[in-house]
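Colleague: build me a model:
(4 chains)
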Number of protein chains: 2
Amino acid sequence: MMDWEQIAECHKALADKTRLRILALLKVEELCVCELVEILNMTQPAVSQHMRKLKNAKLVKERRNGQWVFYSLDGSIYPFFQSVLETLPKMRSEIEELKKSGRKVVCD
Amino acid sequence: MMDWEQIAECHKALADKTRLRILALLKVEELCVCELVEILNMTQPAVSQHMRKLKNAKLVKERRNGQWVFYSLDGSIYPFFQSVLETLPKMRSEIEELKKSGRKVVCD
DNA sequence: CAAAAATATAAGTACATGCTTATATAATAA
DNA sequence: TTATTATATAAGCATGTACTTATATTTTTG
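Modeller: Sure, this is the predicted structure:
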């Protein structure tokens, strides 16, 4: 069973418009920080700090590939996480824009 | 469809240990402020301020009966609210304690 | 190795949050 | 009507949050 503090921590991570948008973007596909910087039009440290909060709350996991760090959804420890994600507005078009602009990171 | 700001507001309301406990208590039955003050062992203004946040986020609704204001769960506008509630630790025993101590409010 | 690119961390600042105490409002009871 | 009980609101304060700019770390490339 989960304790009060941990459930509250999870909702603190969800209690910010920018982090909700990040989660909605990761629902489409994994993304690295520099891609999120482009899409969200925010500074790199601001995005990095949001990712740290999401990671500490165990809502995302990271995977390093070369110079990039790719983030993807996790959240499996919270039974309600999936249904929170389903409520978020769709962000597919923002990622399409990124691809069209040629700024999608391609590696491997 | 719900906007980012409103979803974030909802999670801000859920991002506090005390408010999560209040919701878990209201899952058992509707309660008035003075009962919550007893159970949570907090000052009355502190509880009132938490109830205002929950009400503004549309997670609870209020019903006045005489000098008491009874709060009960709402949250129907958020598709994920029910599954958030199901994750919360049980609080049935705390309300049993209140009844045994003779501090349960009886009216009508 | 030195330079470049991606990311993380640190310090500073403005604003939000959760409590406190004091006071206001509302309904009931004497 | 006056006192009592329940609740709400307001102001003040300590702490937390989300950004900023500056700098550190990590990996790749020449």
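Colleague: now do the same end-to-end measure for stretch A:50-64.
Modeller: Stretch A:50-64 has an end-to-end distance of 17 Å (CA to CA, to the nearest Å).
Colleague: does DNA strand D sit close to it?
Modeller: Yes. Shown here: stretch A:50-64 in contact with DNA strand D (CB under 7 Å from any atom of the strand) through A:His50, A:Lys53, A:Arg64. For every residue, glycine as well, the C-beta is placed using N, CA and C.
Colleague: elements contacting the strand or helix carrying the second one?
Modeller: Here A:Lys53 is covered by helix A:44-56, with elements defined by DSSP states H and E. Helices and strands touching helix A:44-56, as assessed by 3 or more CB pairs under 8 Å, 6 or more residues apart in numbering or on different chains; DSSP states H and E, comprise helix A:4-14, helix A:17-28, helix A:33-40, strand A:60-65, strand A:68-73.
Colleague: between those, which one is closest to B:Ser76.
Modeller: Smallest distance to B:Ser76 across the helices and strands packed on helix A:44-56 (CB to CB): 18.5 Å, for helix A:4-14.
Colleague: out of the residues of stretch A:50-64 next to DNA strand D, who's nearest B:Arg103?
Modeller: Nearest member of these to B:Arg103, counting by CB to CB, is A:Lys53, at 40.0 Å.
Colleague: which ones are touching the closest one?
Modeller: Going by CB atoms under 8 Å, 6 or more residues apart in numbering or on different chains, A:Lys53 touches A:Lys12, A:Ala13, A:Arg19.
Colleague: equivalent analysis for A:Pro79, please.
Modeller: B:Ser83, B:Glu86, B:Thr87.
Colleague: A:Val33 now?
Modeller: By CB under 8 Å, 6+ apart, the neighbours of A:Val33 are A:Gln44, A:Val47, A:Ser48, A:Met51, A:Trp68, A:Val69, A:Tyr71.
Colleague: out of those residues, grab the one that's most surrounded.
Modeller: A:Tyr71 (24 neighbours; other CB atoms under 10 Å in any protein chain shown).
Colleague: let me know the pLDDT of it.
Modeller: Per-residue pLDDT puts A:Tyr71 at 98.
Colleague: pretty sure it is touching A:Glu30, no?
Modeller: Yes. A:Tyr71 lies in contact with A:Glu30 (CB atoms under 8 Å); the separation is 6.3 Å.
Colleague: between these two, what contacts are shared?
Modeller: Common neighbours of A:Tyr71 and A:Glu30 (criterion: CB under 8 Å, 6+ apart): A:Arg63.
Colleague: interface residues of chain A facing chain B?
Modeller: By the rule CB under 8 Å from any CB of the partner chain, the part of chain A lying against chain B is A:1-5, A:7-8, A:11-12, A:14-17, A:20-21, A:78-80, A:83-84, A:86-89.
Colleague: so which of these also contact DNA strand D?
Modeller: Within the residues of chain A next to chain B, those near DNA strand D by CB under 7 Å from any atom of the strand are A:Lys12, A:Ala15, A:Asp16.
Colleague: now for the second one, how many residues are close by?
Modeller: Using other CB under 10 Å, A:Ala15 has 20 other residues around it.
Colleague: just the first one next, same as before
Modeller: Number of residues near A:Lys12 (other CB under 10 Å) recorded here: 18.
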